[in-house]
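1. Give me a 3D structure for the following:
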Amino acid sequence: MIAAVAAGILHFVWPIAQIIDNPWRWLGIALIIFGGAINIWADRLFAKHGTTVKAHEKPAYLIVFGPFRASRHPMYLGMAIILLGIAVSSGTVGAFIPAIAFVFIMEKLFIPIEEQNLLETFGQKYLNYKQKTRRWL
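-> Okay, the predicted model is just below:
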């Protein structure tokens, strides 16, 4: 949410340059909807299987189906797609900065913790899944 607000602020306060014009900016709406659908799908699977969505907590179930077949972190992917959609809809360079920052922060601060928890909890089962499924896409 912070990154989405930052994208809006940067678009209006520090737009740098308009790089995407209409009608292409409408593609941003499709990206926002697609990213949101991925998040909802993954979140429902977490709830259905009684496992946590919080990176610092120990998971109770290893989900390897649904959106998790294409990405080990579909919720982060969905959020990144939403931020990309916001940036495309805005069409300014400044609006892309939070999307890039979000991916960097997830890579450096959250994903390593989450993947370590998965490894400690599921061991070889997680390693097998990790070998078959890419981190983002």
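
2. Tell me where the chain has helices.
-> For the chain, helices defined by DSSP state H occupy the ranges 2-13, 27-48, 74-90, 93-105, 111-122, 124-132.

3. Comparing these, which comes out most buried?
-> Mean neighbour count (mean count of other Cβ atoms under 10 Å) peaks for helix 74-90 among the helices of the chain, with a mean of 23. To be clear about C-beta, it is placed using only N, CA and C from the backbone, and glycine gets the same treatment.

4. Against which helices or strands is it packed?
-> Packed against helix 74-90 by the contact rule (3 or more Cβ pairs under 8 Å, 6 or more residues apart in numbering; DSSP states H and E) you find helix 2-13, helix 27-48, helix 93-105.

5. Including distance to R72 and mean pLDDT, could the ones you listed go into CSV?
-> Below are those laid out as CSV (distance: least, Cβ to Cβ, whole Å; pLDDT from 0 to 100):
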stretch, distance to R72, mean pLDDT
helix 2-13, 21, 91
helix 27-48, 11, 98
helix 93-105, 14, 96
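
6. Go through those helices and name the closest to P74.
-> Nearest to P74, of all these, is helix 27-48, at 4.4 Å by Cβ to Cβ.

7. Can you name every helix or strand that the closest one contacts?
-> With contacts defined as 3+ Cβ pairs under 8 Å, 6+ apart, helix 27-48 has these neighbours: helix 74-90.

8. Could you tell me the angle between the helix it packs on and helix 93-105?
-> Interaxial angle, helix 74-90 versus helix 93-105 (axes from the mean of the first three to the mean of the last three Cα atoms, to 10 degrees): 170 degrees.

9. how far out from the middle of the chain is helix 74-90?
-> Relative to its chain's centre, helix 74-90 lies at 7 Å (Cα atoms, centre = their mean, to the nearest Å).

10. circling back: in CSV, list the helices and strands packed on helix 74-90 along with distance to I81.
-> Shown next, in CSV, are those (distance: least, Cβ to Cβ, whole Å):
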stretch, distance to I81
helix 2-13, 12
helix 27-48, 3
helix 93-105, 9
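
11. The helices of the chain: which one's closest to A55?
-> Nearest to A55, of all the helices of the chain, is helix 111-122, at 4.1 Å by Cβ to Cβ.
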